[in-house]
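*Asks:* give me the fold of what follows.
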Amino acid sequence: MRPASLRPLRPSPARLARAAALSALAGTSILPTRVGAQAIAPERIAELAEARADEAFELYRELLSFPNDANHPDDILRLTEWLEARFEERGFATERLEMPGSDAVLATRDAEGADRTVLIYLQADGQPVDPSAWHQESPWTPTLKARREGAPATSVDGSPAAWETLAWERLYGERDPEWRMFARSASDSKGPIAQFLSAVALLDAAGVTPDFDMKVIIDTEEETGSPHLPEAVERYREELAADMLVIFDGPPHNSGEPTLTFGARGIADITLTTYGPRVPQHSGHWGNYVPNPAVRLAQVIASMKDADGRVTIPGFYDGIAIDAGTRAILEAVPDDLESLHERMGIADPDDVAGSPQEAIQYPSLNVRGMRSAWVGSEARTIIPATAVAEIDVRLVRESDPDRLIGLIRDHIEELGYHIVSGRDPTDEERTRHGRLIRFDSSLSYLAFRTDFDSEAGRWLVAAYERLFGERPIMIRTGGGSIPISPFVTTLGVPAVQVGTVNPDNNQHSPNENLRVFDFLRGIRIMAAVLSQPMGEAS
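*Replies:* Sure thing, here's the model as predicted:
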């Protein structure tokens with residue numbers, strides 16, 4: 001029997017009265033009948049989404065106003081309390097899953113007579129911000145903008161030269177679907193949270209109840225690698241038990257067309273630090289004699305890849321086989337390479353594989369940042385004391401992260417470096433070894449991949465076909481990493497990702513945004529999924 005703390009709260013009379021009024025406005029009934037097994041027509045979903053659009057935009061605006069950097073637990077706590085209240089208003093029971101950092105939130109709502117349970121993943125935290133790089137008052141002040149006439153379509157940074165700021169209230173009248181809402185986590189991943197809450201309210205107002213139990217796990221540490229999530233999934237495995245996992249996170253295919261993604265790469269991190277003099281030295285006095293750690297670090301990195309971007313470390317790509325069936329799946333994805341290259345401003349992509357879809361079937365080695373001494377107006381004529389590179393290794397299901405990290409470490413040793421980990425070199429090591437490097441690594445989470453023909457896949461495809469009249473784009477593996485493998489391995493459930501935000505949303509970057517069209521379409525997608533009869537997927 002479900003613990004009392006996890007039983008769904010019953011809607012209050014006031015909430016039912018409010019929902020009834022909204023239903024009347026939308027021309028529907030709030031009769032508490034269980035009609036979830038009767039799929040709601042896509043036209044009706046669109047009508048209801050439009051009737052409740054103002055409420056959805058206001059909910060989204062309020063959510064965007066909460067700072068949510070996971071490095072600031074007090075901010076996460078305030079956001080958590082807000083989320084708990086919004087879910088409880090929609091008939092969910094909530095509890096916190098205690099973790100050493102910020103607690104995750106579990107929201108549950110049962111459906112009478114249901115024999116299936118869907119676990120839904122949402123993410124609440126966001127990347128840190130540099131306010132000086134944002135073209136608005138604050139990254140936490142939701143800002144509506146319209147592209148200026150003649151501005152290039154590739155400009156999505158919200159700059160005043162290309163974008164005009166509008167009053168948020170313009171959304172409540174005749175709106176342009178191409179307008180964008182700018183704020184940190186607009187797409188990653190407060191957009192999906194607002195879309196989900198709005199979709200649940202939409203169906204409640206229509207008297208449509210899912211024919212499955214819902215469990216919603218809200219991760220509050222995703223952008224710091226969800227370091228405590230695997231332990232929490234193990235500890236709360238009974239509370240999280242489900243038949244499948246649906247991930248409402250991320251964008252669809254680059255074309256923007258409706259998409260389901262059946263896998264994601266995992267991620268491991270490596271930090272490399274090379275050492276020169278104890279303190280920076282005058283380059284005129286000591287150039288040509290004292291080794292430069294920035295040059296040595298560049299040499300180490302350059303030794304790992306060839307001119308075409310392929311990792312040269314022997315064995316790095318071992319175990320990856322693209323058979324005819326897999327290639328057909330990859331080639332079915334409608335990538336427009338010319339448009340993609342134009343949008344990104346590149347002419348010569350890496351040659352790891354023949355297409356973007358095939359390339360992400362392989363593990364990758366990416367230098368995500370480098371630092372040594374000073375640049376720009378602060379540059380000075382010195383030999384730096386240290387140089388640091390941050391590397392991420394994207395993992396696929398066939399690759400062992402410990403093995404890949406070991407291959408990289410062995411490669412650096414073969415270059416003649418003495419490696420230390422977890423500390424700087426000692427004085428003795430400095431005098432004994434001409435080439436020193438610090439090598440620190442960590443694993444965030446593994447890759448996962450679900451079969452297209454799984455129950456979760458068939459159910460979601462049916463929802464998309466009902467809403468859009470055609471099969472969605474089917475992605476075998478997405479390029480990004482999300483902390484789903486603990487659920488897949490511990491709970492033994494298939495997982496599928498549902499992307500509902502625009503691909504060019506600047507996630508993780510300044511001036512993150514969500515297009516009005518995608519925000520409203522995402523609500524319709526989630527409403528279609530939640531109202532799709534589960535029995536049809538069996």
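*Asks:* residue 232 belongs to a helix?
*Replies:* Yes. The assignment for residue 232 (DSSP: H, G, I helix; E, B strand; the rest coil) places it in a helix.
*Asks:* and it, how many residues sit next to it?
*Replies:* 23 (other Cβ atoms under 10 Å). Any C-beta I mention is one placed from the backbone N, CA and C, and that applies to glycine too.
*Asks:* would you mind confirming that it makes contact with residue 97?
*Replies:* Yes. Contact criterion Cβ atoms under 8 Å: residue 232 and residue 97 qualify, at 5.3 Å.
*Asks:* how much space between residue 412 and residue 330?
*Replies:* 33 Å (Cβ to Cβ, to the nearest Å).
*Asks:* what's the answer for residue 383, then?
*Replies:* Taking Cβ to Cβ, one finds residue 383 at 47 Å from residue 330.
*Asks:* residue 145: which element?
*Replies:* In this assignment (DSSP states H and E), residue 145 forms part of strand 143-147.
*Asks:* who does that strand touch, helix- and strand-wise?
*Replies:* Contacts defined by 3 or more Cβ pairs under 8 Å, 6 or more residues apart in numbering; DSSP states H and E place strand 143-147 against strand 163-166, strand 180-182.
*Asks:* which residues are contacting it?
*Replies:* The contact list for strand 143-147, computed with Cβ atoms under 8 Å, 6 or more residues apart in numbering, reads 136-137, 153, 155, 158, 162-168, 170-171, 176, 178-183, 513.
*Asks:* any of the residues you listed buried? List them.
*Replies:* Those of the contacts of strand 143-147 that meet the buried threshold are 136, 158, 162, 163, 168, 171, 179, 180, 181, 182, 183, 513, by 16 or more other Cβ atoms under 10 Å.
*Asks:* now those as CSV including pLDDT and distance to residue 420?
*Replies:* Below are the buried ones among the contacts of strand 143-147 laid out as CSV (pLDDT from 0 to 100; distance: Cβ to Cβ, whole Å):
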residue, pLDDT, distance to residue 420
136, 98, 44
158, 97, 44
162, 97, 48
163, 98, 48
168, 98, 53
171, 98, 55
179, 98, 53
180, 98, 47
181, 98, 47
182, 98, 44
183, 98, 42
513, 98, 43
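*Asks:* mind listing what's buried along stretch 241-261?
*Replies:* So for stretch 241-261, counting by 16+ other Cβ under 10 Å, buried means 242-254, 256, 258-261.
*Asks:* and if you look at stretch 395-404?
*Replies:* Within stretch 395-404, the residues that count as buried by 16+ other Cβ under 10 Å are 395, 396, 397, 399, 401, 404.
*Asks:* ditto for stretch 527-535
*Replies:* Those would be 527, 528, 529, 530, 531, 532, 533, 534, for stretch 527-535 by 16+ other Cβ under 10 Å.
*Asks:* where does pLDDT dip in this structure?
*Replies:* Scanning the chain for pLDDT under 70 picks out 1-38, 536-538.
*Asks:* partner strands of the strand holding residue 145, with direction?
*Replies:* When sheet partners are counted by DSSP bridges, strand 143-147 sits next to strand 163-166 (antiparallel), strand 180-182 (antiparallel).
*Asks:* of the ones you listed, which is nearest residue 468?
*Replies:* strand 180-182 (22.8 Å; Cβ to Cβ).
*Asks:* helices along the stretch 351-500 of the chain, start to end?
*Replies:* 356-359, 401-414, 427-432, 455-468, 485-491 (DSSP state H, counting those that start in this stretch).
*Asks:* before we move on, back to that, out of the buried residues of stretch 395-404, give me the two with the largest separation.
*Replies:* 397 and 404 (13.0 Å).
*Asks:* what sits against residue 307?
*Replies:* Counted by Cβ under 8 Å, 6+ apart, residue 307 has zero contacts.
*Asks:* look up phi and psi at it.
*Replies:* phi -70, psi -20 (degrees, to the nearest 10).
*Asks:* distance check, it against residue 366.
*Replies:* 16 Å.
*Asks:* before we move on, what about residue 433?
*Replies:* For residue 433, the distance to residue 366 - Cβ to Cβ - is 28 Å.
*Asks:* which parts of the stretch 251-400 of the chain are strands?
*Replies:* 259-261, 263-264, 266-275, 281-282, 364-371, 382-383, 386-395 (DSSP state E, counting those that start in this stretch).
*Asks:* which residue ranges make up each domain of this protein?
*Replies:* Per automatic domain parsing, the structural domains of the chain span 22-264+447-537, 266-319+359-445.
*Asks:* which of those domains has the highest mean neighbour count?
*Replies:* Of all the domains of the chain, domain 22-264+447-537 has the most neighbours on average by mean count of other Cβ atoms under 10 Å, namely a mean of 20.
*Asks:* helix, strand or coil: sort out the nearest residue to residue 171 once chain neighbours are set aside for me.
*Replies:* Spatial nearest neighbour of residue 171, chain neighbours left out: residue 57 (4.7 Å); criterion: Cβ to Cβ, 6 or more residues apart in numbering. Secondary structure state of residue 57, per three-state DSSP, is helix.
*Asks:* check contacts around residue 57.
*Replies:* Residue 57 makes contacts with 168, 171, 172, 519, as judged by Cβ under 8 Å, 6+ apart.
*Asks:* now the closest residue in space to residue 329 that isn't next to it in sequence: how far from residue 482?
*Replies:* Residue nearest to residue 329 in three dimensions, not counting chain neighbours: residue 476, with 5.2 Å by Cβ to Cβ, 6+ apart. Applying Cβ to Cβ, the value for residue 476 to residue 482 is 15 Å.
*Asks:* picking that back up, any idea how far the residue nearest to residue 329 lies from residue 261?
*Replies:* For residue 476, the distance to residue 261 equals 8 Å [Cβ to Cβ].
*Asks:* ditto for residue 41
*Replies:* Counting by Cβ to Cβ, the gap from residue 41 to residue 261 is 26 Å.
*Asks:* who touches both of residue 232 and residue 97?
*Replies:* residue 104.
*Asks:* show me where the stretch 1-150 of the chain has its helices.
*Replies:* 13-26, 42-51, 53-64, 73-89.
*Asks:* can you list contacts of the longest one?
*Replies:* Residues outside helix 73-89 that contact it (Cβ under 8 Å, 6+ apart): 9, 15, 59, 62-63, 66-70, 94, 96, 101-103, 105, 107, 124-125, 193, 197, 216, 218, 220.
*Asks:* for residue 504, which non-adjacent residue is spatially closest?
*Replies:* In this structure, residue 504 finds its nearest non-sequential neighbour in residue 156, 5.0 Å apart by Cβ to Cβ, 6+ apart.
*Asks:* list the contacts for the one you found?
*Replies:* 180, 504, 505, 506, 511, 513.
*Asks:* rewinding a little: among the buried residues of stretch 527-535, which one sits closest to residue 224?
*Replies:* Of the buried residues of stretch 527-535, the one sitting nearest to residue 224 (Cβ to Cβ) turns out to be residue 529, at 28.5 Å.
*Asks:* how close does the most far-flung residue of the chain relative to its centre get to residue 383?
*Replies:* Largest separation from the mean C-alpha position in the chain: residue 285, at 49.0 Å (Cα atoms, centre = their mean). Using Cβ to Cβ, we find residue 285 at a distance of 9 Å from residue 383.
*Asks:* my read: residue 490 touches residue 229, true?
*Replies:* No. If you go by Cβ under 8 Å, residue 490 and residue 229 don't touch, sitting 10.1 Å apart.
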